[in-house]
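1. Sequence below, structure please.
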Amino acid sequence: MATINLRENRQVIDYLARDYNSFRKALVDLIPAKLPEWTDRSEADFGIALLELFAYMGDILSYYQDRIANEAFLNTAQERRSVINHLRLIGYEMAPASAASSTLNVIVGNNVTQPFEVRKGDQFATKSGKDRKSVTFEYTGDKPLVINPTTMPFVEAKNPDGTRLANFKEFVNVISVREGKTISNEVIGISDGRPNQRYNLAQPNMLRGSLEIVVETAIPTPPWRLRENLIFSRRAFTPEQLTALELQERIGSTLAFSGDTNTDFAIEIDENNVTTVIFGDGQYGRIPPTGRRIIANYRSGGGTVGNVGKEQIVQVTKGPQLQLLGIKVVNRTAASGGAERESIDQAIKYAPSVFASMQRAVTAQDYVAQARLFPGVSKARAEAASWNVVKLYIAPTGQGEPPTDVMKRDLLSYFEDKRMLTSIIEIESPDYIKIDIEANVVALRHFRNSDVEDDVDKAVRDLLDFEKVDFKQTLFLSKVYEKIEALEGVDRVFVSRFQRANVGPAIATDGLIQLLENEIPLMGQLVLNVSGGV
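-> Below you'll find the predicted structure:
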């Protein structure tokens, strides 16, 4: 706590006084030097009340000063808004949430013999419950998916419990769906003819790559083109050079390369996940014609909420042509790839390296770094299969599912402007290896066996949590002992099995499980035998 100090019998103000108590004491200590006749120090004194008010305001202002100083630097900033603005200075946009994807099986009655369509925007959902909301998935293909029950191969339809579903047949892995909902024909504003117009989308959590902007005109015109950001500067190329570069697809993705007639726009996403659509100034990017409505079509959603388990997507909620035929759907594999928006810590960690590499992928490490920045990717590994082929092994967020066709397509599109011109990228799935563990635990006498078993189960599963493991990992038996023995209520433990799922000896002689280059461990069978307690 700072006070008024004495140096050579002179009062010196301590400028480290930053809180209420320090300010109040410093002001009170100044009273004898400034107003010696003021002797009342009681809290009821009006002067003391004024001093306390000044100390209160000084405390608030000091807090604001500290926060402003912190937010002025990337490494100390705490607010997402500050981090977003810092990173925009180097052309880095923090990634929004990504949507999970899955593939649905179609279950059709034997009486359905005519072809039917799955159309863009048809919706499927999980069942809702007391503690969970229904999660919506959509078919997002541009062309209708035609299913002909008389020609497509099928398997015997089954109920979720595995029993036979009579008079139905099941088509496997037919409909690729993505979590989220489509917002169509949303009027976000009416152009006033001014440069640099900005309009907000009504719904937050706009999904990457889904936004389409149309400006109404007397003669319908194509959607406007999205640019990554706005750079207003002097034109870098002549019209002839621009045309040549456009043909070579080497134009930068900013409005600095847009002419006054180019129908281009940019977007910004704020700390509340609200997307702002930004138009040009008439020199770099066209100004929407005055009085014309600006219409947005996009999808909203994303997050880990979409990583639902297998056989959870069972409802057709939008698709009357399917509902009329009594079509059923089910996902026989869990949905994966759903991820929350990029965290502040991750952005601070990776943004400078992305800026240094200019978002280009040359080495295997570059491909891994760029893939890890893609929302929905939990782990990545790259290897050169030949002089121009890069195999990229992708593990989506979730619990160990392969990348879906939707994610593969999105990743290839994401790498299109990052890869070398002659490089070919192949997206592959890693090899997931299940690890079986069996342990005999003796609990302390005054602990419940059931409570100890729950704690041990959580601890062991945490050791092999999907977000904590990686490729080519060495698993140590000693870590299992360490995790269990550290728990309150455990007296002693003996691990009798620690192996790849039913492969090799129950426990290796060296107590290690060494995974190969392309292998990722998952929790397999976990057997716990707890005794000794209550």
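2. residues near the closest residue to residue 497 other than its chain neighbours, how many?
-> Nearest residue to residue 497, sequence neighbours excluded (C-beta to C-beta, 6 or more residues apart in numbering): residue 438, at 3.7 Å. Any C-beta I mention is one placed from the backbone N, CA and C, and that applies to glycine too. For residue 438, the neighbour count with other C-beta atoms under 10 Å is 17.
3. try residue 355
-> 14.
4. All the helices of the stretch 351-500 of the chain, in order from the start?
-> Ranges of helices within the stretch 351-500 of the chain are 364-372, 405-414, 449-463, 477-485, based on DSSP state H, counting those that start in this stretch.
5. so which of those comes closest to residue 132?
-> Ranking those by their distance to residue 132 (criterion: C-beta to C-beta) puts helix 449-463 first, at 20.9 Å.
6. pull the CA atoms of that closest one into PDB?
-> C-alpha atoms of helix 449-463 as PDB (Å, rounded to 0.1, in the frame of the first residue of the first chain):
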ATOM      1  CA  ASN A 449     -16.000 -48.700  -3.500                       C
ATOM      2  CA  SER A 450     -18.400 -47.200  -6.000                       C
ATOM      3  CA  ASP A 451     -17.000 -43.700  -5.500                       C
ATOM      4  CA  VAL A 452     -13.400 -44.900  -5.800                       C
ATOM      5  CA  GLU A 453     -14.400 -46.800  -9.000                       C
ATOM      6  CA  ASP A 454     -15.900 -43.600 -10.500                       C
ATOM      7  CA  ASP A 455     -12.800 -41.600  -9.700                       C
ATOM      8  CA  VAL A 456     -10.400 -44.200 -11.100                       C
ATOM      9  CA  ASP A 457     -12.600 -44.500 -14.300                       C
ATOM     10  CA  LYS A 458     -12.400 -40.700 -14.800                       C
ATOM     11  CA  ALA A 459      -8.700 -40.600 -14.200                       C
ATOM     12  CA  VAL A 460      -7.800 -43.400 -16.600                       C
ATOM     13  CA  ARG A 461     -10.100 -42.100 -19.300                       C
ATOM     14  CA  ASP A 462      -8.600 -38.600 -18.900                       C
ATOM     15  CA  LEU A 463      -5.100 -40.200 -19.500                       C
END
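7. list the buried ones in that helix?
-> For helix 449-463, the neighbour count (16 or more other C-beta atoms under 10 Å) marks 449, 452-453, 455-456, 459-460, 463 as buried.
8. picking that back up, for the residue nearest to residue 497, list the residues it contacts.
-> By C-beta atoms under 8 Å, 6 or more residues apart in numbering, the residues touching residue 438 are 495-497, 506, 525-529.
9. Among these, name the buried ones.
-> Buried among the contacts of residue 438 (16+ other C-beta under 10 Å): 495, 497, 526, 528.
10. What does the third one show for phi and psi?
-> Meaning residue 526. In terms of degrees, to the nearest 10, the main-chain angles of residue 526 are phi -120, psi 110.
11. Quick check, it in contact with residue 459.
-> No: contact criterion C-beta atoms under 8 Å: residue 526 and residue 459 do not qualify, at 10.8 Å.
12. any low-confidence regions in the stretch 1-150 of the chain?
-> Counting by pLDDT under 70, the stretch 1-150 of the chain contains low-confidence ranges at 1-17.
13. Which residue ranges of it form strands?
-> 4-7, 10-13, 101-109, 116-118, 123-126, 136-139, 145-147 (DSSP state E, counting those that start in this stretch).
14. before we move on, back to that, least confident of the contacts of residue 438?
-> On pLDDT alone, residue 506 ranks lowest of the contacts of residue 438, at 87.
15. list the contacts for the spatially closest residue to that residue that is not a sequence neighbour?
-> Leaving aside its chain neighbours, residue 506 sits nearest to residue 497 (4.6 Å; criterion: C-beta to C-beta, 6+ apart). By C-beta under 8 Å, 6+ apart, the residues touching residue 497 are 436-438, 506-507, 527.
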